[in-house]
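Q: This is a predicted model, with the sequence first.
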Amino acid sequence: MAESSIIARGRLAVLTAHLLGAPLESSEDSDFQRWCVSAQVPPPGDLKGVLTVIDERTGKKYQIQVSQDGTVKASDFKKISTGKIDKGLKLYDPGYLNTAPVVSKISYIDGDEGVLRYRGYPIEELAESSTFLEVAYLILYGNLPSQSQLADWEFAISQHSAVPQGVLVRLSLSPPIAVFSSLSNCDHIDFVKILGHQFGASKRARCFSTKDIIQAMPHDAHPMGVLVSAMSSLSIFHPDANPALRGQDLYNSKQVRDKQIARILGKDDRNARDGLDYALNLQNVDILFSSTLPHHNKSLHLSLHILEAHSMIQSISCVAIILAPTIAAAAYLRLAGRPPVLPSSNLSYSENFLYMLDSLYVIWGNRSYKPNPRLARVLDILFILHAEHEMNCSTSAARHLASSGVDVYTALAGAVGALYGPLHGGANEAVLKMLSEIGTVENIPDFIEGVKNRKRKMSGFGHRVYKNYDPRAKVIKKLAEEVFTIVGRDPLIEVAVALEKAALADEYFVKRKLYPNVDFYSGLIYRAMGFPTEFFPVLFAIPRMAGYLAHWRESLDDPDTKIMRPQQVYTGEWLRHYLPLKERMVQTDADRLGQVSISNASRRRLAGSGV
């Protein structure tokens, strides 16, 4: 017990020192980092063999090959048949509880031991020592980057940061002049980003009016709805990245793939003038912009030379990492009734995201403002912890869509849509609601009894995969204390800690292997940092883009990748013949159309009469 206490304190010291950017006092602390990773699980070994199946229906014997990693091919069971009308055995697995549709090298989970590794690296080590962009590179490309690779990666991310004009702002273009005027009652002007289109034979840019997708949404639109809509619209603005338009072999090009990765993950930290430059498909074109700044009462003229597309390309991979935080920041600011903010250069990925949320001036940004580095580091660690988690619901959706050959933006929009579901991306919000309902530590015993009697629901405990303490939750619990020292202590943390202690001491929860998961403490951190609850799933989606893209990229290289087409077990009517309308009868109440309620306004209109 004493040794484990020392190890725990040492691990906290390592994490805290890293958060503060301070050197460790002793090299012995490096041992804590090594010892305190979740269980040292040995490799499973060679599980290769043969599974013998005897079909008692026919007496036939079948041999099914078992692979080295202990899996069997579901298609091998198709040969087990009665020889009558059946088409062979199917494997019924609702929720895919024990089905592996892909082979992956990206992340490893041992739910029984509470282990999570990215490309072989324990999640605890990455949280302590790495950065989100480093981890994103690791997840995508298989190894931690060298110093030169990291510099190239960060540069590629920053160079693909501009969001298409039509996504963020309302702009009307008529060649060769583009004019943007701010609202007369606004003290700021939205920054302008150009949507480039293919050159015709005359080498003239073809520009047309676009509608501001985000600004056109309802003022109270949920940020996740905004993110899904904006992500799905990107395929329109990037026809060069659409296999349906450029050919099915488009993504065979590493350059094309990496460009999209850079775009989506990018931190958008180019300077204001470079921020205007988005016309990747235009070459050697000068466009004159005229933007009116009301508080200066004068026009700002910017002449922009558009670079050739290949000079800005690292590859598709960078694209996704860039656009996610930029669109998310725009969604956040829209929720607050504020226009988008230009990013600042020379800031880290997480610092730039916080900068876009919090800088005081809108068009050029308050260059003197810098987010708290400790809070930025906390956010960076949270991004690392949420970056990847193998075949979860939303990642599966991304791979499912990608298998059809769809463009990467549509695949990611579908993944974010899956994450929007309350059972996937909304769990930490449910935890906050639960803790608020409990209210005080004194109410925990009654709540525990309510859970055991199935009268109350406990959120943030238990996981589909983990039957042990979620390793991410351990790190997040410590991060919460770090945040509270900066922004003040959330009183609900006392309720959370006491609830965890009570649950882990109760045989009911221990027997069912219900432990805190990643959502139990993360919501408290986000709330303490001032994020509204509806923004929590967006903070989940931003880092998970790295995981989505890694799986998308991996699926493109997997020779076994096929368009996903699961089987079903049909239990409906076997054969019926068409009856004329007058001969049909209502069979059950389920056949009837339910009552469709209408609003009072509709009743008012229906009560009127035509003129």
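A: Right, received. Where do you want to start? Remember, predicted model here, so these are calculated numbers, not experimental data.
Q: CA atoms of the helix or strand hosting A541 as PDB?
A: Of the helices and strands defined by DSSP states H and E, A541 is found in helix 536-557. Provided in PDB are the C-alpha atoms of helix 536-557 (Å, rounded to 0.1, in the frame of the first residue of the first chain):
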ATOM      1  CA  PHE A 536     -18.700  19.300 -24.800                       C
ATOM      2  CA  PRO A 537     -19.200  16.900 -27.700                       C
ATOM      3  CA  VAL A 538     -17.400  19.400 -30.000                       C
ATOM      4  CA  LEU A 539     -14.400  19.200 -27.700                       C
ATOM      5  CA  PHE A 540     -14.600  15.400 -28.200                       C
ATOM      6  CA  ALA A 541     -14.900  15.700 -32.000                       C
ATOM      7  CA  ILE A 542     -11.900  18.000 -32.600                       C
ATOM      8  CA  PRO A 543      -9.200  15.500 -31.400                       C
ATOM      9  CA  ARG A 544     -11.100  12.400 -32.600                       C
ATOM     10  CA  MET A 545     -10.600  13.700 -36.100                       C
ATOM     11  CA  ALA A 546      -7.100  12.300 -35.900                       C
ATOM     12  CA  GLY A 547      -8.500   8.800 -35.100                       C
ATOM     13  CA  TYR A 548     -11.100   9.100 -37.900                       C
ATOM     14  CA  LEU A 549      -8.400  10.100 -40.400                       C
ATOM     15  CA  ALA A 550      -6.000   7.300 -39.300                       C
ATOM     16  CA  HIS A 551      -8.700   4.700 -39.800                       C
ATOM     17  CA  TRP A 552      -9.700   6.300 -43.200                       C
ATOM     18  CA  ARG A 553      -6.000   6.200 -44.300                       C
ATOM     19  CA  GLU A 554      -5.500   2.700 -43.000                       C
ATOM     20  CA  SER A 555      -8.600   1.400 -44.800                       C
ATOM     21  CA  LEU A 556      -7.300   2.800 -48.100                       C
ATOM     22  CA  ASP A 557      -4.200   0.700 -47.800                       C
END
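Q: What mean pLDDT does it get?
A: Across helix 536-557, the average pLDDT comes to 95.
Q: can you check stretch 50-67 too?
A: What stretch 50-67 shows for mean pLDDT is 94.
Q: for it, which positions count as buried?
A: Neighbour counts over stretch 50-67 (16 or more other Cβ atoms under 10 Å) mark V66 as buried. To be clear about C-beta, it is placed using only N, CA and C from the backbone, and glycine gets the same treatment.
Q: shouldn't S459 be in contact with E437?
A: No. Applying Cβ atoms under 8 Å as the test, S459 and E437 come out as separate, 10.3 Å apart.
Q: So between those two, which is more surrounded?
A: It is S459, of S459 and E437, that has more neighbours when counted by other Cβ atoms under 10 Å, with 19 against 11.
Q: Tell me how far that one lies from I598.
A: Spatial separation of S459 from I598 under the definition Cβ to Cβ, to the nearest Å is 35 Å.
Q: what do you get for A100?
A: Relative to I598, A100 is positioned 48 Å away (criterion: Cβ to Cβ).
Q: where do the strands sit along the stretch 301-450 of the chain?
A: Secondary structure of the stretch 301-450 of the chain (DSSP state E, counting those that start in this stretch): strands at 317-318.
Q: and Y332, how many neighbours?
A: The burial count assigned to Y332 is 24, neighbours taken as other Cβ under 10 Å.
Q: my read: it touches E534, true?
A: No. Y332 is not in contact with E534 according to Cβ under 8 Å; the separation is 9.8 Å.
Q: which residues do these two both contact?
A: Counting by Cβ atoms under 8 Å, 6 or more residues apart in numbering, the shared contacts of Y332 and E534 are P223.
Q: List the contacts of the residue nearest to P243 when sequence neighbours are not counted.
A: In space, and not counting its chain neighbours, P243 is closest to L250: 4.6 Å by Cβ to Cβ, 6 or more residues apart in numbering. Under the criterion of Cβ under 8 Å, 6+ apart, the contact list for L250 reads 241-243, 256.
Q: ok, which pair from those is furthest apart?
A: Greatest spatial distance among the contacts of L250 (Cβ to Cβ): N242 and V256, at 10.7 Å.
Q: Who has more neighbours out of those two?
A: Legend: neighbour count by other Cβ under 10 Å for N242 and V256, higher for V256 (21 against 18).
Q: low pLDDT regions in the stretch 151-300 of the chain?
A: Where the stretch 151-300 of the chain drops to pLDDT under 70, the residues are 159-212, 266-300.
Q: Over to the stretch 301-450 of the chain?
A: Regions of the stretch 301-450 of the chain meeting the criterion pLDDT under 70 cover residues 301-320, 322, 345, 360-367.
Q: Break down it into its helices, ranges please.
A: Using DSSP state H, counting those that start in this stretch, the helices assigned to the stretch 301-450 of the chain run over residues 309-312, 319-335, 349-358, 373-385, 393-402, 408-419, 427-438, 444-452.
Q: Please produce TSV containing those helices, extended by distance to L227.
A: Converted to TSV, the helices of the stretch 301-450 of the chain look like this (distance: least, Cβ to Cβ, whole Å):
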stretch	distance to L227
helix 309-312	25
helix 319-335	6
helix 349-358	14
helix 373-385	15
helix 393-402	12
helix 408-419	6
helix 427-438	16
helix 444-452	33
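Q: where are the low-confidence patches of the stretch 451-600 of the chain?
A: Looking along the stretch 451-600 of the chain with the criterion set at pLDDT under 70, you get no residues whatsoever.
Q: residue ranges of the helices in it, please?
A: In the stretch 451-600 of the chain, the helices defined using DSSP H, counting those that start in this stretch lie at 471-487, 492-504, 507-511, 519-528, 536-557, 600-607.
Q: Pull out the buried residues from stretch 589-600.
A: Residues of stretch 589-600 classed as buried by neighbour count (16+ other Cβ under 10 Å): none.
Q: just use 212 as the starting number from now, easier for me
A: Yes, from this point I'll number from 212; that puts the last item at stretch 800-811.
Q: All good on my end, thank you.
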